[in-house]
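> Pasting the sequence and the predicted model now:
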Amino acid sequence: MLKHKVLDVCCGSKMFYFDKNNSAVLYCDNRELETSLCDGRKLEIKPDRLCDFTNLPFQDNSFYNVIFDPPHILKGGKTSWIVKKYGKLQKDWKPEIQKGFSECFRVLKPFGTLIFKWSDIQIPCSEVLELALPYKPLLGDQRGKTRFVVFIKGI
């Protein structure tokens, strides 16, 4: 029996979670970090499991829900607070994000839900959503530059 029903493949500091230690969620990221931001706030990235969203170590069709909130910053210094907080994309970012979508859908159960979060600050969401093909979003919402998009595998 699967302990975790939800997989977050890029949990970062778990900013949008009401319960940052929910036992139903497997929090993953490719890094651990404990530092202070420029305003003195503590930043802690402490996933349950270290892994890369482009090569997930889970079986096909394992999770009911997958959260995909990948880095959305392309330009930023190594020591900038925004890069510390959100991570940074590679210059050749499209194959990385495309592989991330592919892996998220691979580990998602049939008719499971993928929630994708993106910020339009440096790269338009419309350009990123093309990388999810053949899957198409069911619905979405935008708050400022931040977008939440919902996919259901199999429809």
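Now that the structure is in, tell me what you want to look at.

> contact partners of stretch 80-87?
Here stretch 80-87 makes contact (C-beta atoms under 8 Å, 6 or more residues apart in numbering) with 10, 12-13, 30-31, 33, 35, 37-38, 43, 70-73, 76-77. In this view, the C-beta of every residue, glycine as well, is placed from N, C-alpha and C.

> Pull the distance from the lengthiest strand in the chain to the chain's centre.
For the chain, the strand with the greatest residue count under DSSP state E is strand 108-119. How far strand 108-119 lies from its chain's middle: 10 Å, per C-alpha atoms, centre = their mean, to the nearest Å.

> Could you do stretch 82-101 as well?
10 Å.

> Could you report the pLDDT at F151?
Reading off the confidence values, F151 has pLDDT 98.

> Assess the claim that it and P134 are in contact.
No. Using C-beta atoms under 8 Å, F151 is not in contact with P134; the gap is 10.9 Å.

> Can you pick out the residue with more neighbours from those two?
Between F151 and P134, counted using other C-beta atoms under 10 Å, F151 has the larger neighbour count: 25 against 5.

> same for the one helix or strand that one maps to, what does it pack against?
Under DSSP states H and E, the secondary-structure element containing F151 is strand 146-152. With contacts taken as 3 or more C-beta pairs under 8 Å, 6 or more residues apart in numbering; DSSP states H and E, strand 146-152 sits against strand 108-119, helix 125-129, strand 139-143.
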